[in-house]
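# Just the structure for this:
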Amino acid sequence: MKKKNFIILILILILIMCLGGYLLVRKDKNSSLPKPELTGGERGKLGIDKNINEKTVDNYLERKDTVYRDVRMIDDPADWSKIVEDGDKITGIVKGFSVIPYPYLASFTDEYKANLTKQFGFTDFYSGPSLYKDNGDGTYTANYKESLSILKYYFPKGKNIFLMCGGGGYAGKTKELLIALGWDKNKIYDVGGYWYYNGKNKIDILTKVNGKKTFNFWKIPTYNIDFTTLTKN
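Next up, the predicted model:
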């Protein structure tokens, strides 16, 4: 009888521990987030957050009050491989993030392109259509009547928005765009660049077998914009 009671007691303790762990994880995934705060130095100039970034983002995944957007191009005409090997292509992505490229959202200003050319020797940039024109003075002009509706769909105003790209720059530009168009600046986080992410939620897109590289782009959850169906302003 004593042995039976002991086993029951052990089972109850295990149940309590499992329930406590579940509640702790659930509380963490629904707890309030620290307010967006720029980190220091050059990363801060890109807009990268001090508290939620490549080193800590794993602690804030799978939240129901948050959407996760990677704003890189799958294959970028801008030669980011000058900065990091294969940087012009998506070689990996953080689990839970979906791709909607920043160049589809807003155009590049001549000043932005000139700065990148000066720093890294870029000669090519995406020159296709985008939802908005960046006027270079902190304002944006919609190129299509559906531009705002599309933006609201991909970046819901009622949610926290985590933005990631390769090095943090496209994410910072996306944050600037959203805030300029009326999004709550306290809900938008530039969580940095995938190039510097070493967490446990990495999905590898690039594989190497016997020195041969294969980009498994089919693994990437992607949002596409068919500009041919939109109404130009």
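# hey, where'd the helices end up in this protein?
2-30, 41-46, 102-105, 110-120, 147-154, 169-180 (DSSP state H).
# which stretch in those has the least confidence?
Out of the helices of the chain, helix 2-30 stands lowest, with a mean of 53 (criterion: mean pLDDT).
# excluding its backbone neighbours, what's nearest Ile161?
Ile188 (4.8 Å; C-beta to C-beta, 6 or more residues apart in numbering). Yep, even glycine has a C-beta here, placed from its N, CA and C like the rest.
# Pull the contacting residues for Ser81.
When contacts are counted by C-beta atoms under 8 Å, 6 or more residues apart in numbering, Ser81 touches 87-89.
# out of those, which is most surrounded?
Asp88 (22 neighbours; other C-beta atoms under 10 Å).
# Could you verify my assumption that that one touches Asp79?
Yes: under the criterion of C-beta atoms under 8 Å, Asp88 makes contact with Asp79 at 5.4 Å.
# quick check: domain ranges of the chain?
Domain assignment of the chain by automatic domain parsing yields the ranges 1-31, 34-229.
# What's the local residue count around the residue nearest to Gly40 when sequence neighbours are not counted?
Counting by C-beta to C-beta, 6+ apart, Gly40 lies nearest to Lys50, which is 7.7 Å off, once chain neighbours are set aside. By other C-beta under 10 Å, 14 other residues sit near Lys50.
# doesn't Gly41 make contact with Lys50?
No: if you go by C-beta under 8 Å, Lys50 and Gly41 don't touch, sitting 10.7 Å apart.
# circling back: kindly present the contacts of Ser81 as TSV, with separate columns for distance to Arg69.
As requested, those are arranged in TSV below (distance: C-beta to C-beta, whole Å):
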residue	distance to Arg69
Gly87	19
Asp88	19
Lys89	18
